[in-house]
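Chemist: Starting from these lines, generate the structure:
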Amino acid sequence: MAKETKKDVNDYSVEEKLKALYELQLKLSAIDRIKTLRGELPLEVQDLEDEIAGLTTRMDKIKSDIASLKEGINAQKGKIADANAQIAKYQEQQNNVKNSREYDFLSKEIEYQTLEVELCEKKIKEYTADEKLRSEEMQASKAAVEERTKDLEIKKNELDEIVAETRQEEERLRDEVKVLEAKIEPRLLQAFKKIRKNSRNGLGIVDVQRDACGGCFNKIPPQRQLDIRMRKKIIVCEYCGRIMIDPDMAAEIEQKEGKTDDNQ
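Modeler: Numbers count the residues shown, from 1 in each chain. This is a model prediction of the structure:
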């Protein structure tokens, strides 16, 4: 049996290209409906993941702050111990002074070390209050992470269920899209995708409805209607830029696609 030769994109007639474009439109619209079925779930999942990541980063920062505050408290306690040791030493020295000048000097040192103890105690209170506040923030962040994680699990399960139900159909549609795109020259395909992207309803090619464009519903001149029915060249709506096709062709393709989908 002779091997089938792959048809070059330039070998397709305008009519074949139009059919391929309209079939492509139907496939892409079907994929869009699947995405609509998923709704905002993918975005909600992404938002929850981002929020959890942000809370986790915040918790790491709080944990670091608490560790620094504890180090600060321990450092101040160490200073208090050193100051008390100095006070005890100076008080003992006062018992053995030889004159009032030495006594006054030691008294000033004791006063200085006492002020140092008071300052350290004040800092310890501040650090302890900050540590308590940061610990409360840590607990609040933990609770928020737990709550968001539960929400994320629910949303992911919902999304996974929908994806599982539609995966096979979407994969089939995407495979068919690739086959159809191979029949359309790159420039025409790119133009079609651009029109579709800029269109509110995602339609890049439409049929003629009651002598008007099926996209913007502006009237089409008789000569252009005739050109569309001839299927000999690509006709674009001068108002909305959508590619237009003969309604009989559209009905034929839709009927064929409907039967194909029923048999899937």
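Chemist: Could you pick out the longest strand of the protein?
Modeler: strand 205-209 (DSSP state E).
Chemist: That strand packs against which elements?
Modeler: helix 14-38, strand 243-245, helix 247-263 (3 or more C-beta pairs under 8 Å, 6 or more residues apart in numbering; DSSP states H and E). Just so you know, the C-beta spots here come from the backbone N, C-alpha and C atoms, and that holds for glycine as well.
Chemist: ok, then the element right after the longest one?
Modeler: Elements were assigned by DSSP states H and E; along the chain past helix 14-38, the next helix or strand is helix 41-94.
Chemist: pLDDT of that next one, averaged?
Modeler: Helix 41-94 shows an average pLDDT of 94 in the prediction.
Chemist: any idea which helix or strand comes after that helix?
Modeler: As assigned by DSSP H and E, the chain's next helix or strand after helix 41-94 is helix 100-181.
Chemist: measure the residue nearest the centre of the chain to residue 52 for me?
Modeler: Nearest to the mean C-alpha position of the chain, by C-alpha atoms, centre = their mean, lies residue 46 at 4.6 Å. The spacing between residue 46 and residue 52, counted by C-beta to C-beta, to the nearest Å, is 11 Å.
Chemist: Likewise for residue 24?
Modeler: From residue 24 to residue 52 the distance is 39 Å (C-beta to C-beta).
Chemist: more neighbours, those two?
Modeler: Using other C-beta atoms under 10 Å as the criterion, residue 24 and residue 52 rank with residue 24 on top: 23 against 18.
Chemist: is it true that the more buried one touches residue 182?
Modeler: No: using C-beta atoms under 8 Å, residue 24 is not in contact with residue 182, being 10.6 Å away.
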